[in-house]
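S.K.: sharing a sequence plus its predicted fold:
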Amino acid sequence: MSRHDIRKLTGLALICAVLLSACSADQSPDITVENEAVRTRILKTYERAQAGEAEAQNSIGKAYAIGDGLRKDEDKAREWFQRAAEQGHPVAQYNMYLLLTQGVDVSEKDAEQASKWLHAAADHELVLAQFRLAELYRKGEANEPRDLARAATLYESSAAQGYAPAQYNIGRLYEDGRGVTKNEATAFLWFIRAARQGVVDAQIKVGTKYASGSGVAADDEKAFRWLERAAFRNSPIAQYNLSALYALGKGVEKNLVKAYAWSELAASQGVPAAIKNREAFPKVLGPEQLEQAKTLSKQLAAQIAPAQTHGHRENSYFDNGSSDPISGLEAFESRSQAGDAN
């Protein structure tokens, strides 16, 4: 056997050794669960992923990314997500974006790759990708130009697929005439869709729109019902507006005790107008009524479960939305100033 033949055989042996090593590693995922049925399911998914099935590759990537059944490994997660993403799997493309943008120090290379995968997922009309890209266009962040028209298009596509945060945000754009032609009626339609899915900010919007007759026929009873929903989710603005409805007898029987009780809840969360009411209500309520109002306020607070607390807005929503203090009070401002406190 010639030296040339020996070199060829040695090279082939080395290649085979590498391939065997790689195959051995792929065939032995580090499964962290003991349940035999679960282990079997993971192994079958792994086999499908090795065979090139994009859905299985994304599933394995997710398992590695969050440590669900497989030992957490970001490098392996990235590898499997990328395999699926390169086959056009939109969820894997979005997962690549998430993986590449996590942390505070994202390299320029990773940022460019992340943008590529986010755009790809959005082009596939993946709801979350469209929404995230719309956020970047609206704010002009992550090297995306500020483009409200593009943001509106993406929000509306995501909203049309039923994504509540997008429904709320496209409603805000139509309400303000940003990126789209101002249209109060269209804004209301998007707000009420989001409100029905439990978005508290949208519920406040719907309540105030019904109260003011903006984009929809005025209806104080419907205003009351929507604001009550948001108030029980611990929105201080909704609590203040509900207090105004009770004080004015709009959409509900006039009741100053209940009005003060709800106003007190709003005041405890820092709404300036509600804080002022701490001086106004004692002038129209007797000592017994004041005590009733304080007792009722405590009872209402107890009914608002911690899991239902509205708290701070998620970054998904507009930064200056209707749950921020003062905003959302306009519907009742003129009525309250009219002095109808009897």
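M.R.: Yep, it's here. Numbers count the residues shown, from 1 in each chain.
S.K.: residues in contact with stretch 248-262?
M.R.: 211, 219-225, 231, 239-240, 242-247, 277, 281, 284-285, 289-290, 292-294, 296-297, 300, 332, 335-336, 340-341 (CB atoms under 8 Å, 6 or more residues apart in numbering). Bear in mind the C-beta positions are built from the backbone N, C-alpha and C, glycine included.
S.K.: write the PyMOL selection for whichever of the residues you listed are buried.
M.R.: The buried subset of the contacts of stretch 248-262, as determined by 16 or more other CB atoms under 10 Å, is captured in PyMOL by this line:
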select buried, resi 211+220+222+223+224+225+231+239+240+242+243+244+245+246+247+277+281+285+292+293+296+297+300+332+335+336
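S.K.: low-confidence bits of this protein, can you list those?
M.R.: 1-27, 305-342 (pLDDT under 70).
S.K.: could you check how far the nearest residue to Glu141 once chain neighbours are set aside is from Asp105?
M.R.: Spatial nearest neighbour of Glu141, chain neighbours left out: Glu135 (7.7 Å); criterion: CB to CB, 6 or more residues apart in numbering. Glu135 sits 21 Å away from Asp105, going by CB to CB, to the nearest Å.
S.K.: out of the two, which sits in the busier spot?
M.R.: Shown here are Glu135 and Asp105; by other CB atoms under 10 Å, Glu135 has more neighbours (22 against 5).
S.K.: if I've got this straight, that one is in a helix?
M.R.: Yes. Counting by DSSP: H, G, I helix; E, B strand; the rest coil, Glu135 is part of a helix.
S.K.: can we start the residue count at 41 from this point?
M.R.: Noted, 41 is the first residue going forward, which turns the last one into Glu175.
S.K.: show me the strands in the stretch 241-382 of the chain, by range?
M.R.: Using DSSP state E, counting those that start in this stretch, the stretch 241-382 of the chain contains no strands.
S.K.: check contacts around the closest residue to Ala124 other than its chain neighbours.
M.R.: Beyond its immediate neighbours in the sequence, the residue positioned closest to Ala124 (CB to CB, 6+ apart) is Ala132, lying 3.4 Å away. Contacts for Ala132 (CB under 8 Å, 6+ apart) come out as 94, 97-98, 101, 121-125.
S.K.: and Ala132, what element?
M.R.: helix 130-141 (DSSP states H and E).
S.K.: now do that helix: distance to the chain's middle.
M.R.: Here helix 130-141 is found 17 Å from its chain centre; the criterion is CA atoms, centre = their mean, to the nearest Å.
S.K.: now the element after that helix, going C-ward?
M.R.: Following helix 130-141 toward the C-terminus (DSSP H and E): helix 148-163.
S.K.: and that following helix, what other elements does it pack with?
M.R.: Applying 3 or more CB pairs under 8 Å, 6 or more residues apart in numbering; DSSP states H and E, we find helix 148-163 packed against helix 130-141, helix 167-179.
S.K.: contacts for the longest one, please.
M.R.: Surrounding helix 167-179, the residues in contact under the criterion CB under 8 Å, 6+ apart are 130, 133-134, 137, 158-159, 161-162, 181-182, 184-188, 190-195, 197-198, 201-203, 205-206, 209, 219, 356.
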